[in-house]
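In: what would the 3D arrangement of this be:
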Amino acid sequence: MATGCPYDGDIVSPSSVSARWLGTRRRRWIAVAGWLVAAAIGGAYQGPLNEEVTTDNRLFLPDDVEATQARELVEKRFAGGDTTAALVVYHRAGGLTGTDRARIAADGERLGQLEGVRDATPAAEPDGISSDGTTALTTVVLPQGDSREIRERVEVIRASAGDAGGLEVAVTGAPAVTADAVEEFSSVDLPLLLATAGLVLVILLLIYRSWLLAFVPLTVVAVAYAVAVGLVYALLQLGLTVDGQSAALLIVLMFGAGTDYCLLLLSRFREEAAGGGSQAAAMSRALRKAGPTIVASGLTVIAGLLTLMLASLGSMRALGPVCAIGILVMLAASVTLLPAALVLVGARRLRVHRTSGRRHRAEVIRRVARCVVARPRLAVIASAAALGLGALGLLTAEADTNLLAGFRSPTESARGFELLQDGFSAGRLAPVSIVAGGTPAAAMAPLREAVARADGVADVGPVVEARDGAGGRFDAVLNDDPYSDAGLQTVERLRAAVPADVLIGGTSAVQRDLRESARGDLLRIAPIALLVIGAILLVLLRAVPVTLAALASVVLSFAAALGISLILLRGLFGLNGIEPTVPLFAFVFLVALGVDYTIFLLARVREEAEHHGAVVGVARGLASTGGVITSAGVILAGTFAVLASFPLDAMLQLGFVVSLGVLIDTFVVRTLLLPGILVLLGRQAWWPRPPIQQSPAAT
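Out: Numbering: from 1, shown residues only. I've put the predicted structure just below:
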């Protein structure tokens, strides 16, 4: 593949500076050694980074939502502040024995004396033992804290209450769900890293049939990832919030996008080296021609990711800078470490083994290019119609915030919830908190009675008076799973029914506000991301029609990927809806990465158009870039597909949507839709600066 810069002029870029600096063998070895030392330092923080990520949705909510306001009011004005309750569930199918009840009572007293425990209410009649006598429930009150603190407290409780003599014991409740989520994220990074690197290696070997050619890009990406880990950990110590999702996506994005950048420069290096001359001179030419395009593409991705910092949800704001750091480090490695390593290895050793299958794929790409140029209207209509049909799946979209049901592997909190439901209301898992800051506790009886009669409420607790005596609060147990849509609807009904100065908080309220905040972030940030990326494209391409066509194509590609995914996820995995933050994450990834490939394609099309005309330039550009962009797309889709191995539904959904979107972008948008639009528009696609020459006919 030959890619040139999509804009004109003698541009001073990081790649051109790198080309000059790496001119001697000594400097190339210095570059390699420097990156290896930085990787050794940064990689040492992989474990500490995993330990300090958070999964607490409370900390990610905006300050102005009701669940946050309720929590802050409780912390300021009520004794003991904001608390959460772990539930120790005891179950014996044939009924609890006298020995079981004695053991449960003893456990309750011991749990109440554990460090960090505020209070423990041992199971007793009538509220703590089920009517059929098979299940008992001990409530352990804990102070709120970050996810690591909650996990440590839950682990202590679980160690203190274990199965014995046929009596099944499980710890559940909101803190246990948080603890299990932290455990899943903290234990998956190494397997995810190995799986991603292994998949990239396999795909590279299948494509190029060369161990050395596969090993060099993979090593460069691994080194860059280790450096990025160190930088992210340093920023975490300075106050940056990093959640488990951001840490996992850093791996996937760097290995996917990073390998793409490596392949694009490697391809141009081999092409330049084939013309003769020294390896260093070939790399210098490759960097000057392909480097600016790679840097521009990477900066576009970074700009798209940084728009997430405008989100109201902290989990989204955390992802932007974390992944932007990864791409920035990868770009630096692409124009320093990779060129140095490739020259030291030598182009002759990076030989691609020619096979009949590889020659056949190249011929298929050339035929597709000729067909698109010959029948552009058919290519545009057919591809746009197919994508539009896929986008109809958006009509089936439903949000699903049920974290408890979102674990794809068995967890103790989920098992405890199953046992709890055998004898108690599902809402006992995490009661709703009703807080009245301006109503004295003595005057809250009417409010408490109204909440008790509300549809979806199973029971209400006693009123607790505020420290200043001017307010009160009480808990309400829902009939339904507090993480389910039915539980969230009950919260909405309660908020509509109570006076304006009464706040509804608790787990269900947090999940409801999370869903609404994510929806608002998508509607606000998606247009901003398009404007930012569109502005960058306009500066790079200096052509209005092709910029608008590129943006429209990636939006249609995203809509089709999400619509098709909603249908397939429901049919293949039985998922009821999509996690609220997934659409925005997928949008930013697909738009940014889709524009990435657009820049690579349009750079070559423009280059060819200046020598052969606008129409022939499309055919030659598509044929030249098709192979490497297809390979890059398959690798990127494969790395995101690795998220399917993640033990949470949200990561499965994100990986599925982005993988499908990348494949659609690679095989439909970049191959049919966008080239067809360019052919139909001809020279006008590049207005106001069309190519100087124009071919009268396509060949």
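In: and the pLDDT at residue 401?
Out: Per-residue confidence at residue 401 stands at 72 (pLDDT).
In: wait, a helix at it?
Out: No - for residue 401, which was evaluated using DSSP: H, G, I helix; E, B strand; the rest coil, the result is coil, with no helix membership.
In: for it, which non-adjacent residue is spatially closest?
Out: Distances taken as Cβ to Cβ, 6 or more residues apart in numbering put residue 511 closest to residue 401, at 4.2 Å, once the chain neighbours are dropped. In short, each C-beta sits where N, CA and C put it, glycine included.
In: list the buried residues of the helix or strand containing the one you found.
Out: Under the criterion DSSP states H and E, the helix or strand holding residue 511 is helix 507-541. By 16 or more other Cβ atoms under 10 Å, the buried positions in helix 507-541 come out as 507-518, 521-522, 525-526, 529-530, 532-534, 536-538, 540-541.
In: other SSEs contacting that helix?
Out: Packed against helix 507-541 by the contact rule (3 or more Cβ pairs under 8 Å, 6 or more residues apart in numbering; DSSP states H and E) you find helix 66-77, helix 279-306, helix 314-335, strand 432-436, helix 485-497, helix 544-573, helix 582-612.
In: between the ones you listed, which gets nearest to residue 402?
Out: Ranking these by distance to residue 402, with Cβ to Cβ as the measure, places helix 485-497 first at 7.6 Å.
In: give me the residues contacting the closest one.
Out: Helix 485-497 is contacted by residues 66, 398-402, 427, 432, 434, 450-451, 454-457, 476, 478-481, 504, 508-509, 511-512, 515, 577 when judged by Cβ atoms under 8 Å, 6 or more residues apart in numbering.
In: that helix vs helix 66-77, what angle?
Out: Taking axes from the mean of the first three to the mean of the last three Cα atoms, to 10 degrees, one finds helix 485-497 and helix 66-77 inclined to each other by 70 degrees.
In: for helix 485-497, list every residue counted as buried.
Out: Counting neighbours by 16+ other Cβ under 10 Å, helix 485-497 gives 485, 487-488, 490-491, 494 as buried.
In: hmm, residue 648 is touching residue 181, no?
Out: Yes - contact status for residue 648 versus residue 181: in contact at 7.4 Å, counting by Cβ atoms under 8 Å.
In: just give the nearest non-adjacent residue to residue 334, would you?
Out: Nearest non-adjacent residue to residue 334, counting by Cβ to Cβ, 6+ apart: residue 261, 4.4 Å away.
In: can you confirm that neighbour is in a strand?
Out: No - following the definition three-state DSSP, residue 261 is helix and is not counted among the residues of a strand.
In: mind listing what it touches?
Out: Applying Cβ under 8 Å, 6+ apart as the definition, the contact partners of residue 261 turn out to be 294, 297-298, 330-331, 334, 338.
In: PyMOL command to pick out the buried ones of those residues?
Out: With 16+ other Cβ under 10 Å as the burial test, the buried ones among the contacts of residue 261 are selected in PyMOL as follows:
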select buried, resi 294+297+298+330+331+334+338
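In: show me the two of the contacts of residue 261 that sit farthest apart.
Out: Of all pairs drawn from the contacts of residue 261, the widest gap by Cβ to Cβ lies between 297 and 338 and measures 14.8 Å.
In: contacts only, for residue 461.
Out: Residue 461 makes contact with 431, 474-477 under the criterion Cβ under 8 Å, 6+ apart.
In: what's the closest of these to residue 663?
Out: Using Cβ to Cβ, residue 431 is the member of the contacts of residue 461 that lies nearest residue 663, at 45.0 Å.
In: assess the claim that residue 172 and residue 429 are in contact.
Out: Yes - Residue 172 is in contact with residue 429 according to Cβ under 8 Å; the separation is 6.4 Å.
In: intersection of neighbour lists for those two?
Out: When contacts are counted by Cβ under 8 Å, 6+ apart, residue 172 and residue 429 are jointly contacted by 87, 417, 420.
In: compute the first-to-last residue distance for stretch 111-128.
Out: By Cα to Cα, to the nearest Å, the extent of stretch 111-128 from end to end equals 16 Å.
In: just name the closest of the contacts of residue 261 to residue 110, please.
Out: Distance to residue 110 across these (Cβ to Cβ) is lowest for residue 330, with 51.8 Å.
In: which residue packs closest to that closest one, ignoring adjacent ones?
Out: Spatially, and ignoring its direct neighbours in sequence, residue 330 is nearest to residue 258 (4.2 Å; Cβ to Cβ, 6+ apart).
In: so which bits of the helix or strand containing that neighbour are buried?
Out: Assigning secondary structure by DSSP H and E places residue 258 in helix 244-273. Within helix 244-273, the residues scored as buried using 16+ other Cβ under 10 Å are 244-273.
In: please apply the same query to stretch 549-563.
Out: 549-551, 553-563.
In: if we can go back for a sec, make TSV out of the helices and strands packed on helix 507-541 and add distance to residue 660 and mean pLDDT.
Out: Formatted as TSV, the helices and strands packed on helix 507-541 follow (distance: least, Cβ to Cβ, whole Å; pLDDT from 0 to 100):
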stretch	distance to residue 660	mean pLDDT
helix 66-77	33	90
helix 279-306	19	86
helix 314-335	20	90
strand 432-436	37	93
helix 485-497	25	92
helix 544-573	5	92
helix 582-612	9	85
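In: possible to save the ones you listed as a markdown table with distance to residue 639?
Out: Rendered in a markdown table, the data for the helices and strands packed on helix 507-541 read as follows (distance: least, Cβ to Cβ, whole Å):
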| stretch | distance to residue 639 |
| --- | --- |
| helix 66-77 | 35 |
| helix 279-306 | 14 |
| helix 314-335 | 13 |
| strand 432-436 | 41 |
| helix 485-497 | 32 |
| helix 544-573 | 16 |
| helix 582-612 | 11 |
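In: which of those sits closest to residue 23?
Out: Short answer: helix 279-306, nearest of the helices and strands packed on helix 507-541 by Cβ to Cβ, at 6.3 Å.
In: could you verify my assumption that residue 417 touches residue 405?
Out: No - no contact is recorded between residue 417 and residue 405 when judged using Cβ under 8 Å, the distance being 9.2 Å.
In: who touches both of the two?
Out: Among the neighbours of residue 417, those also in contact with residue 405 (Cβ under 8 Å, 6+ apart) are residue 481.
In: neighbour count: those two, which is higher?
Out: When residue 417 is set against residue 405 and neighbours are counted by other Cβ atoms under 10 Å, the residue ahead is residue 417, at 25 against 16.
In: list the contacts of residue 184.
Out: Residues in contact with residue 184 (Cβ under 8 Å, 6+ apart) are 244, 407, 409, 411, 646-648.
In: can you list the contacts of residue 461 in TSV and add secondary structure, neighbour count and distance to residue 240?
Out: Listed next are the contacts of residue 461 as TSV, based on DSSP: H, G, I helix; E, B strand; the rest coil; neighbours: other Cβ atoms under 10 Å; distance: Cβ to Cβ, whole Å:
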residue	secondary structure	neighbour count	distance to residue 240
431	coil	24	33
474	strand	21	38
475	strand	20	35
476	strand	25	37
477	strand	21	38
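In: can you tell me which two in the residues you listed are farthest apart?
Out: 474 and 477 (10.7 Å).
In: intersection of neighbour lists for those two?
Out: Where contact means Cβ under 8 Å, 6+ apart, the residues bridging residue 474 and residue 477 through contact with each are 460-461.
In: circling back: per-residue pLDDT, the residue nearest to residue 330?
Out: The confidence metric pLDDT takes the value 89 at residue 258.
In: how near is it to residue 312?
Out: To residue 312, residue 258 is 30 Å away according to Cβ to Cβ, to the nearest Å.
In: likewise for residue 556?
Out: Here residue 556 is placed at a distance of 27 Å from residue 312 (Cβ to Cβ).
In: same check, this time on residue 563
Out: With distances taken as Cβ to Cβ, residue 563 is found 25 Å from residue 312.
In: verify the stated contact: residue 502 with residue 439.
Out: Yes - under the contact definition of Cβ under 8 Å, residue 502 touches residue 439, with a separation of 7.4 Å.
In: before we move on, which element is the closest residue to residue 562 other than its chain neighbours in?
Out: Once its chain neighbours are removed from consideration, residue 562 has its nearest residue in residue 657; the separation is 5.7 Å (Cβ to Cβ, 6+ apart). Using DSSP H and E, residue 657 falls within helix 649-664.
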